[in-house]
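>>> Just need the structure, nothing else, for what follows:
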Amino acid sequence: MIVYHGSLKKFDHFTQTTTIPRLPNDIDTIGFWFVSEMKAAKPFAFGTETVIEKSKTEFWDDGEPKVVQYEKPVRGFIYRVFIDEPNLKEYESYESFMSDRDPFCDYFATKRGNLTWKDQATLLNKEEANDKFRKQLLKQQYEGFTVRNTQLQGDSADLFCIFLQENLFIADVISVDDV
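Numbering: from 1, shown residues only. Okay, the predicted model is just below:
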């Protein structure tokens, strides 16, 4: 199976620290995220990075340059990745996936009652919830999951989450400028 991953950084293999995308609802740390269409990966390859450097135009009274911080636009890469037929749990919708994850989540909001992701409440235990959800699926012999027809920043694609980096083989790295 071929899937796509957009990233601001260039790398040779997948690790937890180099490939965390910006995803809604605090789902980013469940596993490694991919999409079925290259164009759906493209928005994840655009962003900014914080730069701290000595100013060339601003100086202190003693003539030393001031240190300035700014956000620099970054154009990243699209990764074409091969996954050797993983055993994936299938969700027909984003809603069904999130409902399956919700029992592991502790939410906080001014509203009372049994809160869910739909209430736009603050998730208090992101890492713990994602870890327990992943472990539950691993116990069921799944290597990840797929969410069909997910809306991602204007595009519709299948969304894939793979738990183990050993199953991921980078077939190609493409500059987002070449897509």
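>>> So the spatially most central residue of the chain: helix, strand or coil?
For the chain, the residue nearest the mean C-alpha position is Pro21 (2.7 Å; C-alpha atoms, centre = their mean). Counting by DSSP: H, G, I helix; E, B strand; the rest coil, the backbone at Pro21 sits in coil.
>>> Isn't it up against Phe44?
Yes: between Pro21 and Phe44 there is a contact at 5.1 Å, judged by C-beta atoms under 8 Å. No exception for glycine: its C-beta is placed from N, CA and C like everyone else's.
>>> who touches the lengthiest strand in the chain?
Secondary structure of the chain read by DSSP state E shows that its longest strand is strand 46-59. Outside strand 46-59, the residues that touch it by C-beta atoms under 8 Å, 6 or more residues apart in numbering are 8, 22, 65-76, 176.
>>> which residues sit in contact with the residue nearest to the centre of the chain?
When contacts are counted by C-beta under 8 Å, 6+ apart, Pro21 touches 5-7, 28, 33, 44.
>>> Gln69 now?
Contacts of Gln69 by C-beta under 8 Å, 6+ apart are 50-52.
>>> Looking at the contacts of strand 46-59, which is nearest Gln141?
Comparing the contacts of strand 46-59 against Gln141 with C-beta to C-beta places Arg22 closest, at 30.1 Å.
>>> Following element in sequence after the helix or strand that contains Glu128, please.
Here Glu128 sits within helix 126-139, counting by DSSP states H and E. Under the assignment DSSP H and E, the closest C-terminal helix or strand after helix 126-139 is strand 144-152.
>>> Give the buried residues for that next one.
By 16 or more other C-beta atoms under 10 Å, the buried positions in strand 144-152 come out as 144-148, 150, 152.
>>> Which residue in those residues has the weakest pLDDT?
In terms of pLDDT, Leu152 ranks lowest among those, with 80.
>>> May I have the beta-bridge partners of that residue?
Asp155 (DSSP bridges).
>>> these two touch, right, it and Phe160?
No: Leu152 lies out of contact with Phe160 (C-beta under 8 Å); the separation is 11.8 Å.
>>> Can you check which residues contact both of those two?
By the contact definition C-beta under 8 Å, 6+ apart, Leu152 and Phe160 are jointly contacted by Val35.
>>> just to revisit the earlier point, for the contacts of strand 46-59, which one is nearest Cys105?
Once C-beta to C-beta is applied, the member of those that ends up nearest Cys105 is Arg22, at 19.3 Å.
>>> and the closest one, what are its phi and psi?
Main-chain torsions, Arg22, degrees, to the nearest 10: phi -90, psi 110.
>>> Perfect, that will be all.
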